[in-house]
Each structure stands twice: as C-alpha cells, then as structure tokens.
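Asker: The following comprises the amino acid sequence and a computationally predicted model.
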Amino acid sequence: MDQLEDMERILWTEVEISARVSELAAEISEDLKKSKVPVAVVGVATGSFIFLADIARRITIPISVDLVRVESYGLGTESSGAPRLSSDLKIDVQGKHVIVVEDIVDTGNTLSCLVSHMKSKGASSVSVCTFLDKPTRRKVNPELFGGGTFYRGFECPDYFVVGYGMDFGSGTGTWRTSVC
C-alpha cells in the first residue's frame, strides 16, 4: 500500500510551510532578542523533529535544543487524553525561557502536561511554538507563564494529518514528506 495514494489531499505545500517556518523563527527571534534570559527550545519527539530542526536553524538568537518524548496517541488516531512523559530533558532549564516545539496542538492535554513539567523544573517562562493548531478540539488551554507566547504555524481543520515528520501510529516519524 502506497502512503501517497492514501492521502486525501495536501493541506500546505512545501513552499508555504517553509515560508511560515521562516516567519515564525523571525517572530521568535524578534520577541526574544533583547532578553537576557537564556532560551531553551524543547521539541516533542518524534512528530516535531523536522519542524524543530527547520525552526531552530532559522532562529537568529542563541538557543540550546533538547527533546522530550510524550506519548498520548499510541497506535491510533485519537489522543488517549492521558499524556505520559517517557523521556525527559538532558539539559537544565532552570531560569531559562523554554519554547516547547510541538507538531500539533489538539486537545491541549500533552501541552498542558509539558508546561507544568517545565515549570516544575524551574523554567522562568514557557512559550509554545506549534506547527499545527486544532483549536476546535481543545479540551485544556495550557497556562503559559512568565510572559510566554503561543506561536502557531497553521490552524488545522479537524483531520488526522501526516507528513512533515508526523506519521500514522508508529510513533517513529519515519514517513517524512514536505506536505501535510
């Protein structure tokens, strides 16, 4: 079975994605360029890894980068609603401005869990940068703190989407295309 044949339609082209990632990186860089607080960019593995790499390369201020792994989908297309941190940070975020980089924010459960986790680790503030946002599915609105900002790539219709690092069920991010 060819995965491209199973795709219903392309939501954003490679050119549109690249342009939006550049805009987000410029916005983040501008917002934080005068901050004296170190910035840690924390990607949520594995779905965000391509977006994380693309945005981290385009941010023009000094950053440190790390990954966490949170599981909430398992092998299905619906979030379990009970995110579980299965791999934690290796860097210390105490006193840093953390930008959590997500592939998609849907119910808000995973993000809420991560914001609380970063706060418990002593982050001075938390922002979020998500490639896709599904506000119609939101059950929890994560409480950003310390003047954190919510950066959104695209508002996504209520579809299960794949591509650009997001894949169906395997949790490995192995199917990587430049489109969603």
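Answerer: Perfect, thanks for sending it. Residues are numbered from 1 along each chain as shown.
Asker: what residues are up against F154?
Answerer: With contacts defined as CB atoms under 8 Å, 6 or more residues apart in numbering, F154 is in contact with L11, W12, R20, F131, L132, D133, C180. To be clear about C-beta, it is placed using only N, CA and C from the backbone, and glycine gets the same treatment.
Asker: May I see these organised as CSV, with pLDDT added?
Answerer: As requested, the contacts of F154 are exported to CSV (pLDDT from 0 to 100):
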residue, pLDDT
L11, 84
W12, 87
R20, 97
F131, 94
L132, 92
D133, 92
C180, 32
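Asker: Most neighbours among the residues you listed, please name it.
Answerer: Counting neighbours by other CB atoms under 10 Å, F131 comes out on top of the contacts of F154 with 31 neighbours.
Asker: for the protein, what spans make up the strands?
Answerer: 39-45, 64-71, 84-87, 97-105, 125-133, 150-155 (DSSP state E).
Asker: Given the second one, what are its sheet partners and their directions?
Answerer: Counting by DSSP bridges, the strands paired with strand 64-71 are strand 39-45 (parallel), strand 84-87 (antiparallel).
Asker: and A40, what is it in contact with?
Answerer: Applying CB under 8 Å, 6+ apart, one finds that A40 lies in contact with I63, S64, V65, D66, I91, V93, K96, H97, V98, I99, A123.
Asker: Of these, which is the most crowded?
Answerer: Within the contacts of A40, neighbour counts (other CB under 10 Å) peak at V98, which reaches 31 neighbours.
Asker: rank the strands of the chain by mean pLDDT and give me the bottom one.
Answerer: Of all the strands of the chain, the minimum mean pLDDT falls on strand 84-87 (a mean of 84).
Asker: Can you report how many residues lie near the closest residue to L111 other than its chain neighbours?
Answerer: Closest residue to L111 apart from its sequence neighbours, by CB to CB, 6 or more residues apart in numbering: P142 at 4.5 Å. If you count neighbours by other CB under 10 Å, P142 ends up with 21.
Asker: mind listing what P142 touches?
Answerer: Neighbouring residues of P142 by CB under 8 Å, 6+ apart: G108, L111, S112, L114, V115, V128.
Asker: Nearest to S87, out of these: which one, please.
Answerer: L114 (12.3 Å; CB to CB).
Asker: The closest one against V98, yeah?
Answerer: No - using CB atoms under 8 Å, L114 makes no contact with V98, being 9.0 Å away.
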